[in-house]
Each structure stands twice: as structure tokens, then as C-alpha cells.
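[1] Sequence isn't available, so here's the structure alone:
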């Protein structure tokens, strides 16, 4: 299983970003709260906080849903 730390990518600035950092950045770009994202993904607000801070990593199904809802924020 991948850990939160193992999900890293490089930002435009050349800095390595964890999944949680990417999630928080994109959520803030979209102007949605942790609570709203949690509702869209079917998880708790604290789970979103844990993903963003690297305390835990989402399960595969939540990760896939996050990709859908963050890429296409108007989807229900």
C-alpha cells in the first residue's frame, strides 16, 4: 500500500509536493472548504485534514473520487 509520503509529485516551481499538499492547494484554488470536499467524497472533514497533513492516506476509492471531484468541481 502506498503511504501519504510516497505519493509525491513535482510542482511547477520544481518543489516536490506530497499528495496532501497537492490536495490542499487544489481545494483552495477551487475555493471549497474541507467540509465541502468531505461531503463530495463521502468522508469526514477530519479525514480531509489528515490527508492534507500527511497523517493518513485515502483508500483507493476515495483517491479516485478525489481525482474526479477536484478535476471537475461541478460534478455532484
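    That came through fine. Please read these numbers as outputs of a predicted model, since none were measured by experiment.
[2] separation between the spatially most central residue of the chain and residue 63?
    Centre of the chain computed as the mean C-alpha position; nearest residue by C-alpha atoms, centre = their mean is residue 23, 3.2 Å away. To residue 63, residue 23 is 10 Å away according to C-beta to C-beta, to the nearest Å. C-beta: built from backbone N, CA, C; applies to glycine.
[3] next one: residue 24
    For residue 24 relative to residue 63 (C-beta to C-beta), the value is 15 Å.
[4] Tell me which of these two has more neighbours.
    Comparing residue 24 with residue 63 by neighbour count (other C-beta atoms under 10 Å), the higher total belongs to residue 24, at 19 against 16.
[5] give me the element the more buried one is part of.
    helix 19-30 (DSSP states H and E).
[6] So which bits of that helix are buried?
    19-24, 26-27 (16 or more other C-beta atoms under 10 Å).
[7] helices or strands up against the helix or strand following it?
    Toward the C-terminus, helix 19-30 is succeeded by helix 34-41 as the next helix or strand (DSSP H and E). Under the contact definition 3 or more C-beta pairs under 8 Å, 6 or more residues apart in numbering; DSSP states H and E, helix 34-41 sits against helix 45-53, helix 60-71.
[8] Go again with 10 Å.
    helix 19-30, helix 45-53, helix 60-71 (3 or more C-beta pairs under 10 Å, 6 or more residues apart in numbering; DSSP states H and E).
[9] now it: how far from the chain's centre is it?
    10 Å (C-alpha atoms, centre = their mean, to the nearest Å).
[10] what's in contact with it?
    23-24, 26-27, 30, 32-33, 43-49, 51-52, 58, 61-66, 68-70, 73, 75-76 (C-beta atoms under 10 Å, 6 or more residues apart in numbering).
[11] try it again with 6 Å
    27, 44-45, 48-49, 62, 65-66, 69 (C-beta atoms under 6 Å, 6 or more residues apart in numbering).
[12] Scan these and report the most crowded one.
    residue 48 (26 neighbours).
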